[in-house]
Structures are given as structure tokens and as C-alpha cells.
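K.L.:
Need the 3D shape of this:
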Amino acid sequence: MEVNVPVILLVEDNPDDEELTLRAFRKSNLKNEIVVARDGVEALDYLLGTGAYADRDTSDVPYLVLLDLKLPKIDGLEVLRRIRADERTKLLPVVILTSSKEQEDLLTSYQLGANSYVRKPIDFNEFIKAVNYLGMYWLVLNQNPNK
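P.N.:
All right, here's what the predicted structure looks like:
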């Protein structure tokens, strides 16, 4: 019997931040499958089953999206706007995980329907704690509308 492990979509263009996030998940013993999209176009292709992901079953919605804001091709705010505009993904939990300290980014993220906004801590141990808290809340405690 195959057990379906909830997928997390990590949208991150910085290889160092990607590796840090993956290490933090491993250290937190979160066993989710993590799919990485390195720009906004790839993230939307994955979620909406277009481009390189045209064969993907879009009814299998990720459990959570961790979305950086400063992305190439299509920025994180536009990705969020499109996630909320699509019937298949409009209820998908999206956590903004960014180094941006701009108040405008924070406000716009929530106005567009972000579920949470987390600034990436600089210190690795703090980052691990933040990812652990994210995992505990979004993957264990939160009731996901898509599942």
C-alpha cells in the first residue's frame, strides 16, 4: 500500500537559501516530499500543470507552498495573485518565506491572500527553529482545506 506523503512546494531562486531550507527540514525530521521551483514561471507551471509539468495531475495539490518574493521571471507577489485567482489553488496554504524587510511586501502579501509571512532568520539555528515551527503548524496542526 502506497502512502501519500504531503508535498511542499518550495519556491526559491537562491541556491544557498534552498539548501538551508532543505537542511532545516531534514534537521526538523519533517518527512514531506519537497518539490523545488526556482522561479515564478516554474512554480506556476507545477501548480497549474502547464509547461514542463503539463503531464502532472493537478488534482494532487501540494499541502503547502513556501514562496519567496524576489524571484526571476515572475515575482512572488504575482505568483500569489495567480494562485488565488485559480479555482484549483485558491485555498492552497501559502507561506511567504522571504528576506524582504519591506513593509509594502508584507502588506501586499496579506492583501493578496498569503496565509503567513515569515522573514528568513540570518542565523542557521534560528532558521531551523523557524522551519520547525512552520512544519509543526502547517503540516501537523493546521486543517488543510484541500485534504
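K.L.:
Contacts only, for residue 112.
P.N.:
Contact analysis of residue 112 by Cβ atoms under 8 Å, 6 or more residues apart in numbering lists 77, 80, 81, 84. For every residue, glycine as well, the C-beta is placed using N, CA and C.
K.L.:
Report the secondary structure state of the residue nearest to the spatial centre of the chain.
P.N.:
The residue lying closest to the centre of the chain (Cα atoms, centre = their mean) is residue 66, at 1.8 Å. Going by DSSP: H, G, I helix; E, B strand; the rest coil, the secondary structure assigned to residue 66 is strand.
K.L.:
thought it was touching residue 93?
P.N.:
No - Residue 66 is beyond contact range of residue 93, at 9.8 Å (criterion: Cβ atoms under 8 Å).
K.L.:
sec struct for residue 87, please.
P.N.:
Per three-state DSSP, residue 87 ends up coil.
K.L.:
burial measure for it, as a count.
P.N.:
Other residues near residue 87 come to 6 when the count uses other Cβ atoms under 10 Å.
K.L.:
At which residues are the helices of the protein located?
P.N.:
15-27, 40-48, 76-85, 103-111, 124-135 (DSSP state H).
K.L.:
Present those as a markdown table; the columns should include mean pLDDT and mean neighbour count.
P.N.:
Supplementary listing: these in a markdown table, determined by pLDDT from 0 to 100; neighbours: other Cβ atoms under 10 Å:
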| stretch | mean pLDDT | mean neighbour count |
| --- | --- | --- |
| helix 15-27 | 86 | 16 |
| helix 40-48 | 97 | 22 |
| helix 76-85 | 97 | 20 |
| helix 103-111 | 96 | 14 |
| helix 124-135 | 76 | 17 |
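K.L.:
Tell me how far stretch 37-55 lies from the chain's centre.
P.N.:
Taking Cα atoms, centre = their mean, to the nearest Å, the mean C-alpha location of stretch 37-55 is offset from the chain mean by 13 Å.
K.L.:
Fine by me, thanks again.
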